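Chemist: Predicted coordinates and the sequence they were generated for:
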Amino acid sequence: MDTWKNNNFVISTKKELLDIITIHHFLSNDSYWSKGITREKVVKSIKNIPLCFGIYETSPSGMYKQAGFGRVITDLTTFGYLSDVFVLPAYRGKGLSKWLVEVITEQEDLLEVRRLMLATHDAHSLYAGYGFVQLDQPLHFMEKRNKILKS
């Protein structure tokens, strides 16, 4: 399944529906995790992964307006990383973030992935409602942060 409907909102994995300008603007200006990210990097990050989820408000005429976004960096087999999840301020308080996380965690392609991870500064309770827990062995995990080169 690539489209889910709820009243006048739709979640879709069809990348051609994504409003890159809106997604880039939010990530670059309003998110705490991607401030300053270039449009080119947003486009490349979407192009290079199999699962992006757009939330759209639909109009009676059939137009789609971007209301939120999330993507899963995954091999669709053993590992996934939920990233860049947001609902635009004008659409908050409507249950869209809960619906998005529900759709993502129940997405058929991800049901057999052994581990789905994410990082969050302030939405622990949202994700806990969908089975996400603190790491059992956080000291086993490491990260490498590359110096970002200016182009």
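Modeler: Yep, it's here.
Chemist: From here on, just use CA atoms for contacts and neighbour counts.
Modeler: Noted.
Chemist: Skipping adjacent residues, who's closest to the spatially most central residue of the chain in space?
Modeler: In the chain, the residue lying closest to the centroid (C-alpha atoms, centre = their mean) is G70, at 1.3 Å. With C-alpha to C-alpha, 6 or more residues apart in numbering as the criterion, G70 has its nearest non-adjacent residue at 4.1 Å, and that residue is V85.
Chemist: follow-up on the earlier one: could you confirm the residue nearest to the centre of the chain falls within a strand?
Modeler: Yes: counting by DSSP: H, G, I helix; E, B strand; the rest coil, G70 is located in a strand.
Chemist: Who does it form a beta bridge with?
Modeler: F53 (DSSP bridges).
Chemist: what sits against it?
Modeler: By C-alpha atoms under 8 Å, 6 or more residues apart in numbering, the contact set of G70 is C52, F53, G54, L82, S83, D84, V85, F86, L100.
Chemist: Could you check how many residues crowd around the fifth one?
Modeler: By that I understand S83. Neighbourhood size, S83 [other C-alpha atoms under 10 Å]: 17.
Chemist: Just list the residues touching the closest residue to it other than its chain neighbours, thanks.
Modeler: Distance criterion C-alpha to C-alpha, 6+ apart; nearest residue to S83, sequence neighbours excluded, is R71 at 5.4 Å. The contact partners of R71, by C-alpha under 8 Å, 6+ apart, come to I46, L51, C52, F53, L82, S83, D84, V85.
Chemist: Count the residues that sit near the third one.
Modeler: This points to C52. Neighbours of C52 using other C-alpha under 10 Å come to 24.
Chemist: The first one now?
Modeler: Using other C-alpha under 10 Å as the criterion, I46 is surrounded by 18 other residues.
Chemist: for E106, same thing?
Modeler: 12.
Chemist: Over to the one 5 residues further on?
Modeler: Per other C-alpha under 10 Å, the neighbour tally for L111 reads 14.
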